[in-house]
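**Q** Just a sequence and a predicted model for now, questions to come.
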Amino acid sequence: MISEMMCSLRNTSFWLLDSLKGGFVKKAYERLRKFEKMDSKDPELLGLQQTALQSLLHHSLKTTAFYEKLQCDGLSSFPVINKAIIREQQNAFISSKFDKASLSVMTTSGSTGTPFVCYQDSIKRKAVNAEVIYYSEKAGYSVGKKIVFLRVLTEKSQKSKLHQWIQNEKLLDISNLDDWHIEILLENIKTNSKKGAMLLAYASTLDALCDYFLRKGASYESGINLSGIVSSSEILNDNTRDIVRNVFNCQCFSRYSNQENGVIGQDDVKNNVFIINEAHYLVEVLEMETDEPTAEGEIGRIVITDLYNYAMPMIRYDTGDIGAIVYVTRNNLTKKAIANFGGRKVDVVYDCDGNRLSPHIITNNLWSFPEICQFQFIQESGKRYTIKINTKAEFQRSEELRMRLIKLLGADSEIDIASVDELPVLASGKRKYIVNNMHLS
C-alpha cells in the first residue's frame with residue numbers, strides 16, 4: 001500500500017514539476033502519441049515533419065559555424081556527417097544561442113568503442129525523457145513505477161542512492177556475468193521487483209542470462225515480478241527474446257536508441273521491424289558508398305536528422321548502423337520502419353578463468369585513454385588477447401593499458417597491443433570493436 005502511494009506521489013510530482021517548468025515533457029509526450037496514431041504517408045504528418053525540419057535548418061544556418069556557410073536548398077543540400085567529422089570540429093556544431101557550459105553532455109562509445117561526446121539543450125533532454133516514458137509504457141511502465149536497470153557501473157554511470165530513490169530506479173552491475181554473479185543478479189532482480197518493475201538491459205546481458213537459463217534448465221523465475229523487459233543498445237536475438245520472455249513471464253521489447261539522439265524506434269515483433277519515431281527524427285537510409293538514398297527495402301547506412309536538438313544540431317548524422325527502410329501495416333495504419341537492422345552486435349568474451357565478461361566493461365576501461373581514436377579488442381584464445389588501437393600520435397601508455405586489461409582479464413592473460421592505421425571493416429560496412437576468435441583457434 002505504501003509502495004503504491006509512493007509511486008502515485010512520484011507520478012503526480014513529476015508531471016506537476018514539468019508543468020511548472022513549461023510542460024515540455026508533456027508536450028513531447030503528446031506529440032509522440034499524436035504521430036503514432038497517424039499514417040506515415042498522411043500529408044498532415046509529413047507537413048508537421050517539414051515544419052519542424054525547416055525550423056531546425058534555419059536555426060542551424062543562422063547560429064552554427066559548421067552550417068552557416070551552406071546555401072540551404074532542402075535537407076538533401078546538407079552534408080552527411082559522422083562522429084569523426086564532429087570530433088574534429090566539435091565547437092563548430094554548437095549553436096551560438098547556447099552557453100556550452102549549461103548544456104547536457106552525452107557520451108557514447110560509438111561503433112569503434114572510443115568515447116564520442118555531444119551536447120543537448122534542456123528542451124531536447126525533456127523530449128528524450130518523454131520518449132523513454134512513452135516507449136516504456138508499452139512494457140507496463142508509468143512514471144513513478146520501479147525500473148531495474150542492468151548495466152556496467154562506473155563513476156560516471158553510477159547514481160547516488162537518493163537519486164535512485166527519487167527516480168524509483170535500481171542500478172545493478174553486470175560487469176561480470178559468470179554463473180555465480182548471475183545468480184546474485186537474479187536475486188537482486190527478485191528483491192527489487194516484489195512490487196512490480198520494468199527491466200532495462202543491454203541485449204548482450206540478456207544473451208548471457210539466456211545462456212545461463214539454457215544450461216541450468218530454468219523454465220520460470222519464481223518471485224520475479226516484471227511488467228516487461230526493454231532491450232537496448234544492441235541487436236536482440238529472437239531466440240533470446242523468446243527465452244527471457246518465457247522465463248520472466250512478461251513481454252520483451254527491443255529499442256533502437258543511442259545516447260547522442262534518443263529513442264529512434266521500438267520494435268514491432270509481428271512485422272520484425274523497428275517502427276520509427278517520426279515525431280522526433282527524420283530517418284534516411286543511404287547507399288554504402290555514396291550519399292544517394294537506397295530503394296525501399298535495400299540495406300544501407302542509417303542516417304538521422306534530430307529535429308529537436310537545437311544546441312548541437314545533428315543533421316544527416318550517419319549513425320554507423322545498417323538497415324533498410326520499409327513500410328508495414330500496424331493497427332490499420334501504414335508505418336515507416338527499419339528492417340534488416342545490422343547494427344551493434346558484439347561478440348562475447350571471457351577472462352582467463354572462463355568467466356563471461358560484459359563487452360561494455362571493456363569499452364568503459366578504454367575510456368581512460370582518450371588518445372585512442374579507435375580500438376578493437378580480440379580474444380584469440382582462452383588466455384591470449386589482442387587489442388588493436390588507432391591513435392593520432394605514438395601511443396605512450398601501452399604498459400598502463402596492458403596492466404588495466406590484466407586486472408580485468410586475469411594475471412595469466414597474454415595481451416598484445418598493436419597500433420594500426422585503420423580498423424578493418426566488415427562486409428556490412430560496420431566495424432566490430434569486440435571480437436572473439438576462440439572458435440577459429
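**A** Arrived safely.
**Q** Could you list everything Tyr256 pairs with in the sheet?
**A** Under the criterion DSSP bridges, Tyr256 forms beta bridges with Gly265.
**Q** just checking, it touches Ile338?
**A** Yes. In this structure, Tyr256 is within contact of Ile338 by CB atoms under 8 Å, at 6.7 Å. (Glycine included, C-beta is placed from N, CA and C.)
**Q** quick one: which of those two has more around it?
**A** Taking other CB atoms under 10 Å, Tyr256 and Ile338 do not tie; Tyr256 has more neighbours (27 against 23).
**Q** Go through the one helix or strand Arg245 maps to and flag the buried ones.
**A** Using DSSP states H and E, Arg245 sits within helix 238-248. Using 16 or more other CB atoms under 10 Å as the test for burial, helix 238-248 gives 240-241, 243-245, 247-248.
**Q** and those as TSV, adding distance to Asp211 and pLDDT?
**A** Below are these laid out as TSV (distance: CB to CB, whole Å; pLDDT from 0 to 100):
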residue	distance to Asp211	pLDDT
Thr240	9	84
Arg241	14	88
Ile243	9	88
Val244	11	90
Arg245	16	90
Val247	12	91
Phe248	15	91
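**Q** still on that earlier bit, need the residues touching each of Tyr256 and Ile338.
**A** Common contact partners of Tyr256 and Ile338 (CB atoms under 8 Å, 6 or more residues apart in numbering): 265, 274.
**Q** State the next helix or strand along the chain beyond the lowest-mean-pLDDT helix or strand in the chain.
**A** Each helix and strand of the chain was given a mean pLDDT (mean pLDDT, DSSP states H and E); the minimum falls on helix 161-167 at a mean of 69. Sequence-wise, the next helix or strand downstream of helix 161-167 (DSSP H and E) is strand 169-173.
**Q** list the helices and strands that following strand packs on?
**A** strand 147-151, helix 179-192 (3 or more CB pairs under 8 Å, 6 or more residues apart in numbering; DSSP states H and E).
**Q** Quickly compare these and say which is most buried.
**A** Ranked by mean neighbour count under mean count of other CB atoms under 10 Å, the helices and strands packed on strand 169-173 are led by strand 147-151, which reaches a mean of 22.
**Q** What's the first helix or strand after the longest helix anywhere in the chain?
**A** The single longest helix within the chain, with elements called by DSSP state H, is helix 43-63. Tracing the chain C-terminally past helix 43-63 and defining elements by DSSP H and E, one meets helix 83-88 next.
**Q** What are the buried residues along that next one?
**A** Buried residues in helix 83-88, defined by neighbour count with 16+ other CB under 10 Å: 83, 85-86.
**Q** Give me the contacts around the helix or strand just after that helix.
**A** Next along the chain after helix 83-88, taking DSSP H and E as the criterion, comes helix 90-93. If you take CB under 8 Å, 6+ apart as the criterion, helix 90-93 is touched by 64-66, 86, 100, 117, 312-314.
**Q** Turn the residues you listed into CSV, columns for pLDDT and distance to Ile415.
**A** Shown next, in CSV, are those (pLDDT from 0 to 100; distance: CB to CB, whole Å):
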residue, pLDDT, distance to Ile415
Thr64, 96, 42
Ala65, 96, 42
Phe66, 96, 39
Ile86, 93, 31
Lys100, 94, 38
Val117, 88, 28
Met312, 97, 37
Pro313, 97, 41
Met314, 96, 36
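**Q** Low-confidence ranges, the stretch 51-200 of the chain, go.
**A** For the stretch 51-200 of the chain, the stretches with pLDDT under 70 are 109-114, 154-163, 165-166.
**Q** just checking, Ile264 touches Tyr281?
**A** Yes. Ile264 is within contact range of Tyr281, at 5.5 Å (criterion: CB under 8 Å).
**Q** Now do the shared contacts for the two.
**A** Ile304.
**Q** who's in contact with Ala127?
**A** Counting by CB under 8 Å, 6+ apart, Ala127 touches 24-25, 28, 262, 280, 308.
**Q** Helix, strand, or coil at it?
**A** Per DSSP: H, G, I helix; E, B strand; the rest coil, the secondary structure class of Ala127 is helix.
**Q** so what's it closest to, chain neighbours aside?
**A** Nearest in space to Ala127, with sequence neighbours left out and distances taken as CB to CB, 6 or more residues apart in numbering, is Ala28 at 4.3 Å.
**Q** SS state for the closest residue to Asp121 other than its chain neighbours?
**A** The shortest distance from Asp121 to any non-neighbouring residue, by CB to CB, 6+ apart, is to Ala311 (3.7 Å). Following three-state DSSP, the label given to Ala311 is coil.
**Q** Pull the contacting residues for Ala311.
**A** 94-95, 97-98, 103, 119-121, 124.
**Q** The residues you listed, buried ones only, as a ChimeraX selection?
**A** A single ChimeraX command selects the buried members of the contacts of Ala311 (16+ other CB under 10 Å):
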select :94,95,98,103,119,120,121,124
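**Q** that older thread, restrict the longest helix of the chain to CA atoms and write it as PDB.
**A** Extracted C-alpha coordinates of helix 43-63, given in PDB (Å, rounded to 0.1, in the frame of the first residue of the first chain):
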ATOM      1  CA  PRO A  43       0.000  14.700 -45.600                       C
ATOM      2  CA  GLU A  44      -0.600  16.100 -42.100                       C
ATOM      3  CA  LEU A  45       2.300  14.000 -40.600                       C
ATOM      4  CA  LEU A  46       4.600  14.900 -43.500                       C
ATOM      5  CA  GLY A  47       3.700  18.600 -43.100                       C
ATOM      6  CA  LEU A  48       4.400  18.600 -39.400                       C
ATOM      7  CA  GLN A  49       7.800  17.000 -40.000                       C
ATOM      8  CA  GLN A  50       8.600  19.500 -42.700                       C
ATOM      9  CA  THR A  51       7.700  22.400 -40.400                       C
ATOM     10  CA  ALA A  52      10.000  21.100 -37.700                       C
ATOM     11  CA  LEU A  53      12.700  20.400 -40.200                       C
ATOM     12  CA  GLN A  54      12.600  23.900 -41.800                       C
ATOM     13  CA  SER A  55      12.800  25.500 -38.300                       C
ATOM     14  CA  LEU A  56      15.900  23.400 -37.400                       C
ATOM     15  CA  LEU A  57      17.600  24.000 -40.700                       C
ATOM     16  CA  HIS A  58      17.000  27.800 -40.500                       C
ATOM     17  CA  HIS A  59      18.300  27.800 -36.900                       C
ATOM     18  CA  SER A  60      21.400  25.800 -37.900                       C
ATOM     19  CA  LEU A  61      22.300  28.100 -40.800                       C
ATOM     20  CA  LYS A  62      22.000  31.200 -38.600                       C
ATOM     21  CA  THR A  63      23.700  30.100 -35.400                       C
END
